[in-house]
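S.K.: got a predicted structure plus its sequence, pasted below:
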Amino acid sequence: MTATAETGRAWSLGARAVRWVAPALLPVVNLALALLLSGLVVLAVGENPARALWLLASGAFGGAEAIGYTLYYATSFVFTGLAVAVAFHAGLFNIGAEGQAYLGGLAVALLCLGAGGWPTTLVVAAAMVVAAAGGAAWAFVPAWLQARRGSHVVITTIMFNFIAAALMTHLLVNVLIKPGQQSPETREFAPSTWLPQLHDVARALGWEIGRSPVNLSLPLALAAGTLVWVYLWRTRWGYELRALGHNQTAAVYGRIPPARTIIVAMSISGALAGLMSLNEVMGVQHRLLLNFTGGAGYVGIAVALMGRNHPVGIVLAAVLFGALYQGGSELSFDMPALTRDMVVVIQGLIILVCGALEHALRGPVQALLRS
């Protein structure tokens, strides 16, 4: 074999490694760097970074109950991460998942308050529909404004988050509040409207797992991820959506209608965000509360960025952030110097390195794989 052929073969192998290995290796390198920086923060407050990392990991994965809590947090992040990813593939930045989840939760709560005598199966099916419809409806207006009037979707979705929060406050304080109480929340739903928890389902099948809030919305989130993958990469409509996100001029030349595609993409994104409310409203709280989303809509942005806007990556990133939430609670309990605010700093470092600084390490990793 000639030297030229050897060089070409080596270049081909290097290009293949860059194409297939880099997308998987880069998040690992980013995460390792983020953990290293987090260790320096822990060291700065006078604690042992190795012990802090061990407590964080054991608090998130140290038993069936801990794993259940991690997956409970991750479930919400899967929905909101998918919501951000679908819009991103269309070239849109949906920052309104928080408000869309609010409206989805409102629709679910109204259904559950009036469906006390319905069979649980029917309530769950109807709740999925109204949660998706509520989120999609709240995303439709910013989508229409961008598609038809040129209003930037980033600005309008942020504004709609505040409108949703104000609407929820008004309704829970003045309309839906349970009579005779001061806390702004509805009355508890009838038990027949609750989402089954997975430890109860497992017990019915003869298995014993730890008690935790993880519920039927977890398999629904995984199913949603599968459907998103099929839609984006295995259908004509998904191809049109991604084509618009890559190059709007080329998409128009290919007779892909930009306005309709933008509205469809944002509506699907809002529907996924609205489904997040099933986990909290029906699965855990069994009532409608103020701020039940807990910032999951914003965390979904980081989850989508870290997961490279792919459903598999989003699920893995959601589990990571779920572990940070659950393990961080245990960490702040066992190491009082590391308060909850310090855990938020660690989360912020991971978002910074894995999201904002993603491209800073892309070049060195690709050069290493080519060598």
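M.R.: Received it, and whenever you're ready, just let me know what you need.

S.K.: and after the helix or strand of the chain with the lowest mean pLDDT, which helix or strand comes next?
M.R.: Every helix and strand of the chain was ranked by mean pLDDT, DSSP states H and E. The lowest is helix 3-20, at a mean of 53. For helix 3-20, the following helix or strand on the C-terminal side (DSSP states H and E) is helix 22-44.

S.K.: tell me the angle of the helix or strand that comes right after that following helix relative to helix 22-44?
M.R.: Using DSSP H and E, the helix or strand that follows helix 22-44 in sequence is helix 49-61. With axes from the mean of the first three to the mean of the last three C-alpha atoms, to 10 degrees applied, the angle from helix 49-61 to helix 22-44 works out at 120 degrees.

S.K.: what's helix 49-61 packed up against?
M.R.: Contact partners of helix 49-61 among helices and strands, from 3 or more C-beta pairs under 8 Å, 6 or more residues apart in numbering; DSSP states H and E: helix 22-44, helix 64-89, helix 311-334. Bear in mind the C-beta positions are built from the backbone N, C-alpha and C, glycine included.

S.K.: can I get the ones you listed in a markdown table including distance to Val108?
M.R.: Shown next, in a markdown table, are the helices and strands packed on helix 49-61 (distance: least, C-beta to C-beta, whole Å):
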| stretch | distance to Val108 |
| --- | --- |
| helix 22-44 | 33 |
| helix 64-89 | 13 |
| helix 311-334 | 21 |
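
S.K.: for those, which one sits closest to Ile262?
M.R.: For those, proximity to Ile262 was assessed by C-beta to C-beta; helix 64-89 is nearest, at 9.2 Å.

S.K.: counting contacts, what elements does that closest one pack onto?
M.R.: helix 49-61, helix 97-114, helix 217-234, helix 236-246, helix 258-277, helix 296-306, helix 311-334.

S.K.: switch those over to JSON lines; also include mean pLDDT.
M.R.: As requested, the helices and strands packed on helix 64-89 are exported to JSON lines (pLDDT from 0 to 100):
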{"stretch": "helix 49-61", "mean pLDDT": "89"}
{"stretch": "helix 97-114", "mean pLDDT": "97"}
{"stretch": "helix 217-234", "mean pLDDT": "97"}
{"stretch": "helix 236-246", "mean pLDDT": "96"}
{"stretch": "helix 258-277", "mean pLDDT": "97"}
{"stretch": "helix 296-306", "mean pLDDT": "90"}
{"stretch": "helix 311-334", "mean pLDDT": "89"}
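
S.K.: any chance of those in TSV, plus distance to Ala204 and mean neighbour count?
M.R.: Output for the helices and strands packed on helix 64-89, formatted as TSV (distance: least, C-beta to C-beta, whole Å; neighbours: other C-beta atoms under 10 Å):
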stretch	distance to Ala204	mean neighbour count
helix 49-61	25	18
helix 97-114	22	27
helix 217-234	15	18
helix 236-246	37	17
helix 258-277	24	27
helix 296-306	29	26
helix 311-334	25	22
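
S.K.: looking at those, spot the one closest to Ile163.
M.R.: helix 97-114 (6.9 Å).

S.K.: sounds good, over and out.
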